[in-house]
Structures are given as C-alpha cells and as structure tokens.
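S.K.: the following comprises the amino acid sequence and a computationally predicted model.
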Amino acid sequence: MQIKLTFPGQRIGVREMEPVAEECYKRSKDFFDKHLDSVEIIVLFRRSQMDRFVGFKTPEWLVGAEKGGKIAIFSPSVFEKVSNHKKSEFVFVLTHEITHLFLRKLFVFKQPTWLIEGVAGIVPKQRSINPQMKSKLISFERMHTDRLWMKNHNYHQVFTFVAYLIKTFGKKKLLSLMGELEELNSYNSFLHTFNTIYGQSFEEIEKGWRDKLP
Ligand SMILES: [Zn+2]
C-alpha cells in the first residue's frame, strides 16, 4: 500500500505527516481486514481550496472530504484557523476520510448516508454520548440520502447507533448488510435487506437502542 501526500503550493510537513497517515490507514485496514492499493491525500491550507475540491461553498465544520477516490484535508497547522475543530481532532478526521475511501472501494451502496457516516465515525472512535441527544433524535429516514443528510445530519446519533449494532450483533453482520445493499437502495428496500440480515425489523432494533440511551 502506498500513501501519496500532496501539498499544493507548500513543501512543508510531508515528513511529519507520513507516519500519522500510516497510523490512520492502519485503523481502517484493521477494521475491514482488507488492503487498499494506494491512498491519495491532498493537504490543504485555505478554505477556498476545499471549496474547489468539493465543488461547493463548504461550511465551517467541514475539514475533510473524499471525492473521486482522493482525500482532501486541512493541514493540522491551520485546523483551528479555518474551522471550528481543534487541532487534536486531525487524526480522527483523517481516519474518518480514509474509512470513506475503504467503503467506496469495498462496497457498492451509496445510501443510507447515515450508515456510511456512522461507520466512518466508528473506525476512528469519534462517537461520544451527548446527554441531550435523546431529545434531538432525527428519524433515520430523514438522513437516508446525501441531500437529506446535508440538511438533517446528526453525527452523534449515527455514531452511537452503529456502535450499538456492532456491540449487540457483531461486526460481521454489519459487513454482511453493507455487502447486500444495492447502490441506490430506497429507504424501504434498505428496511427489507436489514430485516433479512438481522432477522428483526429495523424498527425493533432501533427501539432497543433508544431504550438504552442515557
Ligand atoms: Zn464523513
């Protein structure tokens, strides 16, 4: 596996960044127990570079993205300047984006978006229990597509839910579900596939998770 780091217009930081990127890659590799041939990471320094990479005006919280098999991420040296994230979150964000790359290469499904984001959050262990989460839950149907996710995303909720699925039913089952999902499954076809793999309805399992929330 080869990690390729690019710094447009800057020559600093490759030496320090390489071992960090290797470590982030290893976390994803261990989760899926699979390799990627290469990982291309473009390290950015200005918000306008990120906007150009994704093709739209990005919000302040967005610090990394995966597109066309490449990752763009802000250098940790500018994290606090260009976003509301702390510098110490860099490793989580890079692992999150590398996990997106693995998901894209290993599976065909592109929705539910909440499932993709949940898995990308679980690998770097980004989950945290937000005590107010229970009162702010969003229906999973309203986070099913990319467009809905941009409007209604709840990262805490989906990290916690995916963590619950793995803890309660095992990682293998989750990987089987992801392997069975079609590229653009509707919400109903997702429910059907979920039921087939888990032997219980999504609704029942979601209720079990809600009941356990603090
Ligand atoms: Zn993501």
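M.R.: Yep, it's here.
S.K.: kindly report the domain assignment for this protein.
M.R.: Here the domain parsing of the chain from automatic domain parsing is 1-106, 108-214.
S.K.: would you format these as TSV with mean pLDDT and mean neighbour count included?
M.R.: For glycine as for every other residue, the C-beta is placed from the backbone atoms N, C-alpha and C. What follows is those, written out as TSV (pLDDT from 0 to 100; neighbours: other Cβ atoms under 10 Å):
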stretch	mean pLDDT	mean neighbour count
domain 1-106	90	17
domain 108-214	92	16
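S.K.: identify whichever of these lies nearest to the ion.
M.R.: Comparing the domains of the chain by their distance to the ion (Cβ to the ion), the top pick is domain 108-214, with 4.5 Å.
S.K.: residues touching the residue nearest the centre of the chain, list them.
M.R.: Compute the mean C-alpha point of the chain, and by Cα atoms, centre = their mean the closest residue is residue 120, 2.6 Å away. Taking Cβ atoms under 8 Å, 6 or more residues apart in numbering as the contact definition, residue 120 lies against 96, 97, 99, 100, 103.
S.K.: any chance of the domains of the chain in a markdown table, with distance to the ion too?
M.R.: Below are the domains of the chain laid out as a markdown table (distance: least, Cβ to the ion, whole Å):
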| stretch | distance to the ion |
| --- | --- |
| domain 1-106 | 6 |
| domain 108-214 | 5 |
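S.K.: enumerate every residue touching residue 27.
M.R.: If a contact means Cβ under 8 Å, 6+ apart, then residue 27 has 95, 98, 123, 124 as its contacts.
S.K.: repeat that for 7 Å
M.R.: By Cβ atoms under 7 Å, 6 or more residues apart in numbering, the residues touching residue 27 are 95, 123, 124.
S.K.: got the contact list for the last one?
M.R.: Okay, so that is residue 124. 27, 92, 95, 96.
S.K.: for those, give me JSON lines that also has secondary structure.
M.R.: Formatted as JSON lines, the contacts of residue 124 follow (DSSP: H, G, I helix; E, B strand; the rest coil):
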{"residue": "27", "secondary structure": "helix"}
{"residue": "92", "secondary structure": "helix"}
{"residue": "95", "secondary structure": "helix"}
{"residue": "96", "secondary structure": "helix"}
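S.K.: and the longest strand for the chain?
M.R.: strand 38-44 (DSSP state E).
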